[in-house]
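S.K.: turn this into a structure:
(one chain, ligands or ions: 1)
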Amino acid sequence: QHCFRKNRDGFMYCEGVRLQNVIDTMERRPFYLYSKPQITRNYEAYENALKGLDSIIGYAVKANNNLKILEHLRSLGSGAVLVSGNELRLALNAGFDPSRCIFNGNGKLLDDLVLAANEGVLVNIDSEFDLENIVEAAKIAKKKVQVLLRINPDVDPEVHPYVATGNKNSKFGIRNEKLQWFLDTVKAHPNELNLVGAHCHLGSTITKVNIFKDAAVLMIQYIDQIRAQGFEIKYLNIGGGLGIDYHHKGEVLPTPMDLINSVRKLVISGNLTLIVEPGRSLVANSGVLVSRVVGVKTNGNKNFIVMDGSMAELIRPSLYGAYQHIELISPPAPKAKIQTFDVVGPVCESADFLGKDRELPTPAMWAGMVVHDAGAYCMSMASTYNLRMRPAEYWIQDDGSVKKIRHAETIEDHLRYFEGL
Ligand code: LLP
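M.R.: Coordinates of the predicted model:
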């Protein structure tokens, strides 16, 4: 499952490429490195799981919006799930088929909805005001919009509260009690809206497939209720959220096959097209953040490895206390002492850490380290805090060659924002 791993020789490889050889050719700045074949394999896992079902795999672009990655997923047949006008513009630029795109979000703006209506993208209704905006957009675009209702089934995803989205008090979606109001209002706009589906998204990093099944059972009940009022419902969208193995301890986690099999019968007997919206499980394990050791220090009873990578490039540990596995990419010196370290960055925040209490050999200056499973929600959440410009991205291609797929930002890029002012 992990395509970045250590060989018996103690060096880390990915797709046969030794990472030390890669960093030896690069300037000393953190960068992201992905495996293109791993993204393909992750996509194929969903494709295989969905055999025999009518389906759309909608890649959640928020997980990683690198244009080359989008183009690659599109070439494999993926659709796209979008949460902003700019994600929609980027997906169109990458050539995604609009009829396999879904525009989600609790604060969609009118201009962006007009674009979605013009392009024929599926749109999720998230609230009363959102419905009004979609109607308005349909009128402006003079197009009928295919809509899905995002309903909160209130199934506990058992995840960090920041990434739970389908519960009773969530800012996303609508509550079942309000269903009738939405159905009546959609009915009142036959020229603007065509209700074609129901959507839910429970949360992210979910590691039990029963959670998806419980939600699907409820969603099917809602769909029956909606159909009983004469709507022709085609889509059941169960959102994204499948977790991955961040801990690297050999734990067996559900696969896309397990996820799809848990809802397969319901989808078939409901005569529905299944939409899934995976982000993390398509890209997370395909990437690492590569950074280097700037120095080692001790304060009080803490040992620190100070890296040139930081919370600006990779914020998940700081923001959610998330665990991402950290390893050296080359064997340490033979007598290197193994100690418990906090792996930290140079940013002026005590929250700036990549890992806490990690058992690691004391590394040499400029030794390369990777933060694993950094293909999702890492680069896409990167900031320029402390004027750390966003890093470059590379991927290993099918033939084992390493190719740049995004330039690093520079101070010149930053200064351009002030030109002519
Ligand atoms: N669909 C909807 C409506 C979503 O809100 C999300 C993620 C997805 C699909 C994709 O979920 P996935 O398969 O990637 O779990 N920044 C957080 C994750 C936030 C997820 C937000 N919604 C993190 O770094 O863990």
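S.K.: interface residues of the chain facing the ligand?
M.R.: By C-beta under 6 Å from any ligand atom, the part of the chain that sits against the ligand consists of 60, 63, 81, 104, 163, 165, 201, 204-205, 239-242, 277-281, 316, 376-377. For every residue, glycine as well, the C-beta is placed using N, CA and C.
S.K.: now, which of these lie within strands?
M.R.: Using DSSP state E, the subset of those located in strands is 60, 81.
S.K.: tell me which of the residues of the chain next to the ligand fall in helices.
M.R.: 280, 281, 316 (DSSP state H).
S.K.: so the first one sits against residue 240, correct?
M.R.: So the one you mean is residue 280. Yes: with contact defined as C-beta atoms under 8 Å, residue 280 reaches residue 240; the gap is 7.3 Å.
S.K.: and the longest strand seen in the chain, what's buried?
M.R.: Taking DSSP E as the criterion, the chain has its longest strand at strand 287-299. Buried residues in strand 287-299, counted by 16 or more other C-beta atoms under 10 Å: 287, 288, 289, 290, 291, 292, 293, 294, 296.
S.K.: how about stretch 406-421?
M.R.: 406, 409.
S.K.: run through who's touching it.
M.R.: 29, 31, 66, 67, 68, 384, 387, 389, 390, 391, 392, 393 (C-beta atoms under 8 Å, 6 or more residues apart in numbering).
S.K.: picking up where we left off before, who touches both of residue 280 and residue 240?
M.R.: With C-beta under 8 Å, 6+ apart as the test, residue 280 and residue 240 both reach 60, 204.
S.K.: residues contacting the residue of the chain positioned farthest from its centre?
M.R.: What lies farthest from the middle of the chain is residue 335; by C-alpha atoms, centre = their mean that is 40.1 Å. If a contact means C-beta under 8 Å, 6+ apart, then residue 335 has no contacts.
S.K.: same thing but 10 Å
M.R.: 361, 362 (C-beta atoms under 10 Å, 6 or more residues apart in numbering).
S.K.: circling back: farthest pair in the contacts of stretch 406-421?
M.R.: 68 and 387 (26.0 Å; C-beta to C-beta).
S.K.: measure the nearest residue to residue 385 once chain neighbours are set aside to residue 379 for me?
M.R.: Closest residue in space to residue 385, ignoring its immediate chain neighbours: residue 312 at 4.8 Å, by C-beta to C-beta, 6 or more residues apart in numbering. The span separating residue 312 from residue 379 equals 11 Å under the rule C-beta to C-beta, to the nearest Å.
S.K.: mind listing the shared neighbours of those two?
M.R.: 390, 391.
S.K.: for the longest strand of the chain, give the mean pLDDT please.
M.R.: Averaged over strand 287-299, pLDDT sits at 98.
S.K.: quick one: strands adjacent to it?
M.R.: strand 31-35 (antiparallel), strand 302-307 (antiparallel), strand 368-371 (antiparallel) (DSSP bridges).
S.K.: name the element the closest residue to residue 89 other than its chain neighbours belongs to?
M.R.: Excluding the flanking residues, the one nearest residue 89 by C-beta to C-beta, 6+ apart is residue 115, at 7.5 Å. Using DSSP states H and E, the element containing residue 115 is helix 110-119.
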